[in-house]
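> no sequence on this one, just coordinates:
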C-alpha cells in the first residue's frame, strides 16, 4: 500500500481502515492553524497497541500530536507492533527534532511514511511566521533531505494553503523538490475558531494557486490536493492535459478513518468536523464502532463533506487562543 491508497478509492461502506492517533499533546511549536490542545498528555504505546490490536480491517496508523517525535521511543514501539502485523505507519511531524540517527532507527523498525509540514521556502519567512529561530527551518530541510534518501520511508511534505502561503506556493514546491522529496500534499486551510485563526483563502484563490502548482510541477513530483471545498470537475477542466502524477484523494473521514486523541476521545474529521463520538477509556470499543453507526457519524457521512461552518464542540470553543501558545524553543 502506497501513500494515500486508502483515499484514492471512494469509501462506500463503514470499515475502520485508518486511525489517526494523537499520541501526545506536547509540541515545541504553536501553529495558529493547528487544532491541537497543548498540554502534557501522552497516550502511551502500550495503550495504543491494546486499542488497535484487534481491529481486523486496520491498514494504516497515523501518529500525530502535538509533535510525536518528542516521544520517539513510544513511536518506535507502535511502529514495531504495526510492522509485525502488516499495518502501515505514518508519522506527522514538523521535522525539527529529527536527525540522521533517528531517521535511521525509524527506517530500521519499519516506518512507512514521514509526513513533514513545510509552509515557507526560506528561513526568514519561516522564523517570522512561526516565531522561531531561523535554524528551525534548516532543521526541517535537513530532515526532508535525510528522509528522502531512504529506500524504506516515503517522504511526504505537506503545505497548508492560507493567506501566508498562497502567493509563495510555487516557491515552496520548488524548495520541497530541491530537498529531494517527490510527494507534495497541498491541503486547504480551514477556519479554526478556538484559536482565533481565520487566515483562510477563497475557493477561487485556492483553485487559481492549484492550477499554478500543477502547471509548474516537475514531471516526477507526485502532488496530492486534499480537503477541497469545490467540485473537482471544474478544476479538471482547467488543468486538462497536465494531470500526470496529480491526485485528488477522496474524503474517508468517518467511514474509513477516525481520530483517537491522547485523552481517549474518538473524533470525526479533526479539523473539519471534530465531533466526539465517545471515549476509549469510557467504554467505547473501536472494534465495534460500526455495529450500530452513531447518529452523529451517520449524519456527517451522509452530508458528504466537512461541515466547516458548524460550531465546534464546547470543550474546544471554550479554550481561548492563549491555550494554543507555548514558549518558543
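Received, thanks. Keep in mind that what you see is a predicted model, and the values were worked out from it rather than measured.
> all strands of the stretch 201-329 of the chain, in order?
Using DSSP state E, counting those that start in this stretch, the strands assigned to the stretch 201-329 of the chain run over residues 222-226, 246-247, 257-260, 265-268, 275-279.
> now swap in the stretch 51-200 of the chain and tell me
60-64, 88-93, 113-117, 154-161, 183-188.
> could I get the ones you listed as CSV with mean neighbour count, distance to residue 76 and mean pLDDT?
Where C-beta positions appear, they are placed from N, C-alpha and C, glycine not excepted. Formatted as CSV, the strands of the stretch 51-200 of the chain follow (neighbours: other CB atoms under 10 Å; distance: least, CB to CB, whole Å; pLDDT from 0 to 100):
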stretch, mean neighbour count, distance to residue 76, mean pLDDT
strand 60-64, 23, 10, 97
strand 88-93, 23, 10, 98
strand 113-117, 23, 13, 98
strand 154-161, 23, 18, 97
strand 183-188, 22, 23, 95
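> select, out of those, the one closest to residue 54.
Between residue 54 and the strands of the stretch 51-200 of the chain, the shortest gap by CB to CB is with strand 60-64, which sits at 13.9 Å.
> ok, the closest one: who's next to it in the sheet?
The strands beside strand 60-64 in its sheet (DSSP bridges) come out as strand 18-22 (parallel), strand 88-93 (parallel).
> pLDDT below threshold where in the stretch 201-329 of the chain?
241-242, 270-274, 303-329 (pLDDT under 70).
> try it again with 80
Along the stretch 201-329 of the chain, the parts satisfying pLDDT under 80 run over 230-243, 269-275, 294, 296, 299-329.
> tell me the helices in it, going along the chain?
Taking DSSP state H, counting those that start in this stretch to define them, one finds helices in the stretch 201-329 of the chain at 203-216, 232-238, 295-303, 314-317.
> deepest-packed of the ones you listed, please.
helix 203-216 (a mean of 16; mean count of other CB atoms under 10 Å).
> related to what we said a few turns ago, want to try JSON lines for the helices of the stretch 201-329 of the chain, with distance to residue 51 as columns?
Conversion of those to JSON lines gives the following (distance: least, CB to CB, whole Å):
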{"stretch": "helix 203-216", "distance to residue 51": "36"}
{"stretch": "helix 232-238", "distance to residue 51": "35"}
{"stretch": "helix 295-303", "distance to residue 51": "18"}
{"stretch": "helix 314-317", "distance to residue 51": "21"}
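> on that earlier part again, dump the strands of the stretch 201-329 of the chain to CSV, plus mean neighbour count and distance to residue 165.
CSV is the format used below for the strands of the stretch 201-329 of the chain (neighbours: other CB atoms under 10 Å; distance: least, CB to CB, whole Å):
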stretch, mean neighbour count, distance to residue 165
strand 222-226, 20, 14
strand 246-247, 17, 19
strand 257-260, 22, 24
strand 265-268, 22, 26
strand 275-279, 17, 28
